[in-house]
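> The sequence isn't on hand, but the structure is:
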C-alpha cells in the first residue's frame, strides 16, 4: 500500500492497510493507524500520531515545527484522531512547551484547502474549517463549529460549540456557543438557528437560546440585569446553561 516512490522513515509505524502515494515523505516518529489514505506529495513529520480512516490530500504539511521563535526543537507532538478529511495545502503544526506540547485534532472533522492550524490548537469533533481558515496558536474550537472561508482567529481564543462564522470573519475574542458572528472585526449577529435545526435541537431550546441572545446582545438593560435574566432561562434549559458557563470562563472577553 506504500508507493515505491514514497519515502518512509524506518522508525515510522504504519498500519498494514495504510495507503501512501508517490513522492510523499513520512519522517521519524510518525504513527499512522489503519484505513488512512495519504495522497501524493504530502509531508508528515514527527512526533505525530494519526488515527484511523483519515483522508489526507496532496500537498498537505502535517506535523511540521511550530512557527514560534521560542521553539528550540523540544519533544512536542501533533495528534490527529479518526475519520478526518484534510484537504490540499492544509498545514498542521506540532505543539510548543509553553502550550502543553500538543496540537490536537479530534474526530470527523473537515479541514478544507489552505487551512492553517497553528501550534497548541485544540479542535474537537465534527468541526468544519472552510477554505483558508487560519487558527493562530493556542486556539480552542469546540464540537460542531463551522468557520466560514477566510476566517482568521486570534491566538488564545475559544470558539464555543455549535458556533458559526461568516465569510472572512476576523475573531479577536471568544465566541459563545451557538452564536453566529460575522465581519471584521467580528460582531454577534444571531444564533446558529439553521445549524441547530439540522442537529435536531428542540424548538423550545432554540427559542431559549434566541431569548438569551437578545438579552446578552440587544437588551437595553444593564449587563448585570441581562445576565440575571439569562440565568433564569438557564435554570430551564441546559444549552443556555452551557452558554453561561462558557461566558463565565472567558478570559479574553467575548464577541458582542
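Thanks, I have the structure now. On a predicted model such as this, the values are computed, not experimentally measured, just so you know.
> Who are the contact partners of the residue lying closest to residue 33 once chain neighbours are set aside?
Among residues not flanking residue 33 along the chain, residue 52 sits closest, at 4.5 Å (C-beta to C-beta, 6 or more residues apart in numbering). (Glycine included, C-beta is placed from N, CA and C.) Contact analysis of residue 52 by C-beta atoms under 8 Å, 6 or more residues apart in numbering lists 33, 34, 35, 36, 82, 83.
> Recalculate using a threshold of 10 Å.
Each residue near residue 52 by C-beta atoms under 10 Å, 6 or more residues apart in numbering is listed here: 15, 17-18, 32-36, 81-84, 107.
> again, but for residue 54
18, 32-33, 35-38, 62, 80-86, 105, 107, 109.
> if you set the cut-off to 7 Å instead, what comes out?
36, 80, 82, 83, 84, 86 (C-beta atoms under 7 Å, 6 or more residues apart in numbering).
> what's the pLDDT at the last one?
Note for residue 86: predicted pLDDT of 98.
> quick one, strands of the stretch 151-256 of the chain?
152-153, 158-159, 164-165, 170-171, 179-182, 187-191 (DSSP state E, counting those that start in this stretch).
> Show the average pLDDT along the longest one.
Read that as strand 187-191. pLDDT averaged over strand 187-191 gives 97.
> can you count the residues close to residue 24?
22 (other C-beta atoms under 10 Å).
> And the average pLDDT for stretch 54-69 is what?
Mean predicted confidence for stretch 54-69 is 97.
> Show me the two of the contacts of residue 52 that sit farthest apart.
Between any two of the contacts of residue 52, the greatest separation by C-beta to C-beta is 18.8 Å, found for 17 and 107.
> all helices for the protein, in order.
In the chain, helices defined by DSSP state H lie at 193-198, 203-213, 223-234, 238-249, listed in chain order.
> With mean neighbour count added, can I get those helices in a markdown table?
As requested, those are exported to a markdown table (neighbours: other C-beta atoms under 10 Å):
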| stretch | mean neighbour count |
| --- | --- |
| helix 193-198 | 14 |
| helix 203-213 | 18 |
| helix 223-234 | 15 |
| helix 238-249 | 17 |
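> could these be laid out in TSV, adding distance to residue 141?
Below are the helices of the chain laid out as TSV (distance: least, C-beta to C-beta, whole Å):
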stretch	distance to residue 141
helix 193-198	14
helix 203-213	19
helix 223-234	23
helix 238-249	13
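> and of the ones you listed, who's closest to residue 175?
helix 238-249 (9.2 Å).
> so what's residue 92 bridging to?
Counting by DSSP bridges, residue 92 forms beta bridges with residue 62, residue 117.
> who does residue 171 bridge with?
residue 153.
> ok, it - contacts?
Per C-beta under 7 Å, 6+ apart, neighbours of residue 171: 151, 152, 153, 154, 157, 165, 181, 186, 255.
> One more: residue 89?
59, 60, 113, 114.
> Repeat that for residue 53.
35, 36, 82, 83.
> I'd guessed residue 48 sits against residue 61; true?
No - using C-beta atoms under 7 Å, residue 48 makes no contact with residue 61, being 11.0 Å away.
> Look at these two and report which has more neighbours.
Legend: neighbour count by other C-beta under 10 Å for residue 48 and residue 61, higher for residue 48 (24 against 15).
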